[in-house]
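J.: Quick check, what structure comes out for this input:
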Amino acid sequence: MTRTLSPRLALAAWLLAAAAPAFAADYVQAPGSTLIFASNYQGEVFTGRFGGFDTRLSFDPQKLETSRLDVTIQLAGTRTGNDDRDSTLTGGDFFDIGRFAQARYSAGSFRALGGNQYAADGTLTLRGVSKPVTLTFTWTPGAQPVLNGKATVKRLDFGVGGGEWADTATIPDEVAISTRVVLKPAG
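T.: The predicted structure follows:
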């Protein structure tokens, strides 16, 4: 015997489903992700990779108000391909990893920029200093979505490269950050 819903009950069920809040999909970082920074020293451009990073993202392009991004960045193990520069970066004038082993970026405000481009307005905490930083990114949906993002960080705002390294003629204040985060469903 097959039971059918009365039109009233069917309408009530549809209204309840339509009124239920939509939540962002939850993701965690998958292998194949990268987080890179670029700057220059006395005119020589160099890039570096942080020691590691972990990303958690709740994101739905249709419900940006429920989206959230949280990234923890390991500063120990940062590499640029130059041993002298790498040891200087971990020291007290730069990352000071003895006191600040991690940096963190958190965003809870997202904006659509058109197409598959978005901006996450968040806060970077580095060396105990928290400042606003905007990450612009493209979103490629799929079974393993990909977030490709870019940001600019003013290193002196965070006390990175103090002392003799504060001269912006030697090292610019602005550091370019780029990331490619491959994601998988959390669970």
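
J.: residues in contact with residue 99?
T.: 127, 128 (C-beta atoms under 8 Å, 6 or more residues apart in numbering). Placement of C-beta: from N, CA and C, glycine included.

J.: Look up phi and psi at it.
T.: Main-chain dihedrals, residue 99, degrees, to the nearest 10: phi -100, psi -30.

J.: what distance separates whichever strand or helix holds residue 179 from the centre of its chain?
T.: For residue 179, the host element (DSSP states H and E) is strand 174-185. Relative to its chain's centre, strand 174-185 lies at 6 Å (C-alpha atoms, centre = their mean, to the nearest Å).

J.: Note down every partner strand of that strand and its orientation.
T.: Sheet pairing here is set by DSSP bridges, and for strand 174-185 it gives strand 25-29 (antiparallel), strand 34-41 (antiparallel), strand 146-154 (antiparallel).

J.: Please work out the average pLDDT along the longest one.
T.: Here the mean pLDDT over strand 146-154 is 98, rounded to a whole number.

J.: Just the buried positions in it, please.
T.: Across strand 146-154, burial judged by 16 or more other C-beta atoms under 10 Å covers 146, 147, 148, 149, 151, 153.
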